[in-house]
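Colleague: Sequence first, then the predicted structure:
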Amino acid sequence: KSLRMEMEILEKFFFFAQMKLAEKDGDKFFFFQSLKRLISELEFFFFLEKSNNESFLDKLFFFFKHKSDELEKLTQFFFLLIHSLSQVQEENSLLQDTVRRECEERFELTAALGRAREQVLELRRLSGALP
């Protein structure tokens, strides 16, 4: 009995589904036409977006190429500066070494001059004591 009732309910559901399907068959043509129009519009927008993206990608490629070239130039300039700095540091070190040696020589000469002065004074004192 319950299966019969369920069967009747399903038959009624099936009948209404068939009726709706029949109604929809008439609407299918208009539905397909609107789908075709929508597909055409989407294809057109896709083409526009693709063109815009390609243009954007071209601009982006040009921008990155330009920045890459700039980076290459800056890198070369950077290495040139490092090389120049190295040369200047080497020259500075050489000059500091030269100044240090000259100062040592000066101190040695000053000390030798002091000793010579003392010897001259000693000789004067001794020669002043002699007739």
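Modeller: Thanks, I have it.

Colleague: Identify the residues contacting stretch 33-49?
Modeller: Stretch 33-49 is touched from outside by no residue, with contacts defined as Cβ atoms under 8 Å, 6 or more residues apart in numbering. (C-beta placed from N, C-alpha, C; glycine too.)

Colleague: so where's this structure shaky on pLDDT?
Modeller: Using pLDDT under 70 as the threshold, the predicted model of the chain has low-confidence ranges 22, 24-31, 129-131.

Colleague: Do a quick rundown of the helices in it.
Modeller: Counting by DSSP state H, the chain has helices at residues 2-129.

Colleague: quick one: contacts for residue 53?
Modeller: The neighbourhood of residue 53, defined by Cβ under 8 Å, 6+ apart, contains no residues.

Colleague: And it, how close does it get to residue 124?
Modeller: 102 Å (Cβ to Cβ, to the nearest Å).

Colleague: now swap in residue 44 and tell me
Modeller: In this view, residue 44 and residue 124 are 116 Å apart by Cβ to Cβ.

Colleague: try residue 91
Modeller: The spacing between residue 91 and residue 124, counted by Cβ to Cβ, is 48 Å.

Colleague: now swap in residue 34 and tell me
Modeller: 128 Å.

Colleague: Could you do residue 86 as well?
Modeller: Here the distance between residue 86 and residue 124 works out to 56 Å (Cβ to Cβ).

Colleague: what's the answer for residue 104, then?
Modeller: For residue 104, the distance to residue 124 (Cβ to Cβ) stands at 30 Å.

Colleague: ok, now residue 62?
Modeller: 90 Å.

Colleague: now do residue 11
Modeller: Using Cβ to Cβ, one obtains 149 Å as the distance from residue 11 to residue 124.

Colleague: do the same with residue 80
Modeller: Going from residue 80 to residue 124 by Cβ to Cβ gives 64 Å.

Colleague: Also residue 68?
Modeller: Separation of residue 68 from residue 124 (Cβ to Cβ): 82 Å.
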